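**Q** Next one to model:
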Amino acid sequence: MASSTAGATERRGIPGAQFVEDVETYLTQSGLDVNSALSFLQERLQQYRVVEMKLLAQQRDLQAKIPDIEKCLDVVATLQSKKGTGEASIDESDSVCLWLGANVMLEYSCEEATALLQKNLENAKASLEVLIADLQFLRDQVTITQVTVARIYNWDVHQRRLRQATGAAKDP
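**A** Next up, the predicted model:
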């Protein structure tokens, strides 16, 4: 059996995990002993956890932002639909002010505001889709790495038992 490197790719800065089919070949090719390999993999798992925390925070932000943008779009649409009907209890206006963040508010025509908000909504939804794919990729890498840790640990236990059995057989 040879060591397989299937899946050892990268996605948007997230390093891919290598599935180890043959532990002995993996250790030989990587030039690591069992403890060094396990330490490396545990460190990689920790890095994955840090990246996951950042991605989950971004996901929460986007999931909160999308409904806000949709509400703004609804308000602008309502203002446009009520314009000239006398139903609106606010001054008639062809413009709205949008809060852009960082203490910046700009006045836009209703059409410009709708276009900007629509573009922001599409961008937020696209970013969320990419983020969800990144999280899935990350979870796959965590699983592969955890399986590799278990395989190396179990291989090491098996090798120790073989050495003990060999040593016990030599000592009658």
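**Q** any idea how far residue 167 is from residue 108?
**A** 81 Å (Cβ to Cβ, to the nearest Å). C-beta here means a position set from N, CA and C on the backbone, and glycine is covered the same way.
**Q** okay, those two: which has more neighbours?
**A** Remark: of residue 108 and residue 167, residue 108 carries more neighbours, 17 against 9, as counted by other Cβ atoms under 10 Å.
**Q** would you say that one is within a helix?
**A** No - counting by DSSP: H, G, I helix; E, B strand; the rest coil, residue 108 is located in no helix; its state is strand.
**Q** Return the residues in contact with the nearest residue to residue 109 once chain neighbours are set aside.
**A** Leaving aside its chain neighbours, residue 109 sits nearest to residue 95 (5.3 Å; criterion: Cβ to Cβ, 6 or more residues apart in numbering). Residue 95 sits next to 107-110, 113 when contact means Cβ atoms under 8 Å, 6 or more residues apart in numbering.
**Q** The chain: helices as residue ranges?
**A** 23-30, 34-82, 110-170 (DSSP state H).
**Q** To residue 9, which of those lies closest?
**A** helix 110-170 (9.1 Å; Cβ to Cβ).
**Q** Return the distance of the most centrally placed residue in the chain relative to residue 142.
**A** Taking Cα atoms, centre = their mean, the centroid of the chain lies closest to residue 135, which sits 3.1 Å from it. Remark: distance between residue 135 and residue 142 (Cβ to Cβ) = 10 Å.
**Q** Any idea how far stretch 106-117 is from the middle of the chain?
**A** Remark: stretch 106-117 is offset 32 Å from the chain centroid, using Cα atoms, centre = their mean, to the nearest Å.
**Q** Provide the contact partners of that stretch at residue level.
**A** Stretch 106-117 has contacts (Cβ under 8 Å, 6+ apart) with 69, 72-73, 76-77, 79-80, 83, 94-98, 100.
**Q** residues contacting the spatially closest residue to residue 120 that is not a sequence neighbour?
**A** The shortest distance from residue 120 to any non-neighbouring residue, by Cβ to Cβ, 6+ apart, is to residue 69 (5.4 Å). Applying Cβ under 8 Å, 6+ apart, we find residue 69 in contact with 117, 120-121, 124.
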